[in-house]
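Engineer: sequence first, then the predicted structure:
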Amino acid sequence: MPRRALRSYPTKDATDLTDAQWAAIAPLVVTPSPNGGRPTDIDRRAIVNALLYKHRTGCQWRMRPTDVPPMSSVRYYFDKWNRDGTFVKMNDMLRKLARQALDRDPEPSISVLDSQSVKTTEAGGERGYDGGKKVNGRKRQCWVDTKGFLLRVLVHPADISDTEGAEWLLAAHHQSFPRMQEIRVDEGYKQGLNEWMQQNTTIRLNVIEKPPGQKGFAVIPKRWVVERSIAWAGRNRWERRIIIRRNNRNPESSEAFLYLGSIAMLLNRLYPRC
């Protein structure tokens, strides 16, 4: 019997930022304190590298490589950048650059919204049971543009309906996209979301229905990009491990790792490794 091929795991060098990638995001993470004081000795580039490695490998915080900053520093900046919106700002900046590289307007006018229910461990944190998909865990509302680039994401217990989750996401973020004219969704959002959007936004809801007689999964025109984006977020065993299962007892941490996945994808797209 032939021997089973050894699995290939990513090394730290495979996730470290290149000089071009670091130059693109450095202004967002290397900023002087508004209160003055002695500059920090922590290398912010090393912090970002450590976070990208953790996202890619799904390792525990304490199992990081020995040549990265202390766990307490990495976790401090992860929480800080999550709270102050740095990850969102970074994703927005890179998404606009990626759209411009494709000769698109930096701000989208049409977008796609979909949800995915994922299992979580019993370690704690918010979760619920999605009776439709038979999943006990959380649900991710992923809002992307027509190229599949992430606009916003919201993670909530899986027992919250698609419509209610979409209302929460759009109530918090729809004003961030002034050019937005249309959001495409599947039939899971049909009940109630259109009325809410008419009352609270100027954005049109376009429900893309399945062809008559279709059973099971099929690629739906105008909506497949969000399915691809969800696949990007968990495209291999390491990312599924960290995004879905490990160390994410609060939804905000899950959202932050989804933004990190988008940031890593956009950086590699804009500034590919040689």
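Structural biologist: Structure's in. What do you need?
Engineer: okay, and for the stretch 51-200 of the chain, where does confidence drop off?
Structural biologist: 61-64, 119-137 (pLDDT under 70).
Engineer: the strands in it, which residues?
Structural biologist: Counting by DSSP state E, counting those that start in this stretch, the stretch 51-200 of the chain has strands at residues 110-119, 128-130, 135-145, 150-157, 182-185.
Engineer: these: which one's closest to Ile263?
Structural biologist: Closest of those to Ile263 is strand 150-157, at 9.0 Å (criterion: C-beta to C-beta). (Glycine included, C-beta is placed from N, CA and C.)
Engineer: contacts only, for Ala256.
Structural biologist: By C-beta atoms under 8 Å, 6 or more residues apart in numbering, the contact set of Ala256 is 78, 81-82, 87.
Engineer: could you redo the last one with a cut-off of 10 Å?
Structural biologist: 51, 55, 78-79, 81-83, 86-88, 153, 155, 248, 250 (C-beta atoms under 10 Å, 6 or more residues apart in numbering).
Engineer: who wins for most neighbours among these?
Structural biologist: Most neighbours among those, by other C-beta atoms under 10 Å: Val153, with 26 neighbours.
Engineer: how close does the spatially closest residue to it that is not a sequence neighbour sit to Arg179?
Structural biologist: Spatial nearest neighbour of Val153, chain neighbours left out: Leu258 (4.8 Å); criterion: C-beta to C-beta, 6 or more residues apart in numbering. According to C-beta to C-beta, to the nearest Å, Leu258 and Arg179 sit 23 Å apart.
Engineer: where exactly do the helices run in this protein?
Structural biologist: 12-15, 19-29, 44-57, 71-83, 86-101, 162-173, 193-200, 224-233, 237-240, 251-270 (DSSP state H).
Engineer: returning to that earlier point: out of the contacts of Ala256, the closest to Ala171 would be?
Structural biologist: Using C-beta to C-beta, Val153 is the member of those that sits closest to Ala171, with 14.7 Å.
Engineer: make JSON lines out of the helices of the chain and add distance to Asp114.
Structural biologist: Shown next, in JSON lines, are those (distance: least, C-beta to C-beta, whole Å):
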{"stretch": "helix 12-15", "distance to Asp114": "27"}
{"stretch": "helix 19-29", "distance to Asp114": "27"}
{"stretch": "helix 44-57", "distance to Asp114": "22"}
{"stretch": "helix 71-83", "distance to Asp114": "23"}
{"stretch": "helix 86-101", "distance to Asp114": "18"}
{"stretch": "helix 162-173", "distance to Asp114": "9"}
{"stretch": "helix 193-200", "distance to Asp114": "13"}
{"stretch": "helix 224-233", "distance to Asp114": "4"}
{"stretch": "helix 237-240", "distance to Asp114": "18"}
{"stretch": "helix 251-270", "distance to Asp114": "13"}
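Engineer: and the ones you listed: which comes nearest Ser117?
Structural biologist: Across the helices of the chain, closest to Ser117 is helix 162-173 (C-beta to C-beta), at 9.7 Å.
Engineer: now do the closest one against strand 110-119, angle only.
Structural biologist: Between the axes of helix 162-173 and strand 110-119, defined by axes from the mean of the first three to the mean of the last three C-alpha atoms, to 10 degrees, the angle is 120 degrees.
Engineer: tell me what helix 162-173 is packed against?
Structural biologist: Here helix 162-173 touches strand 110-119, strand 135-145, strand 150-157, strand 182-185, helix 193-200, going by 3 or more C-beta pairs under 10 Å, 6 or more residues apart in numbering; DSSP states H and E.
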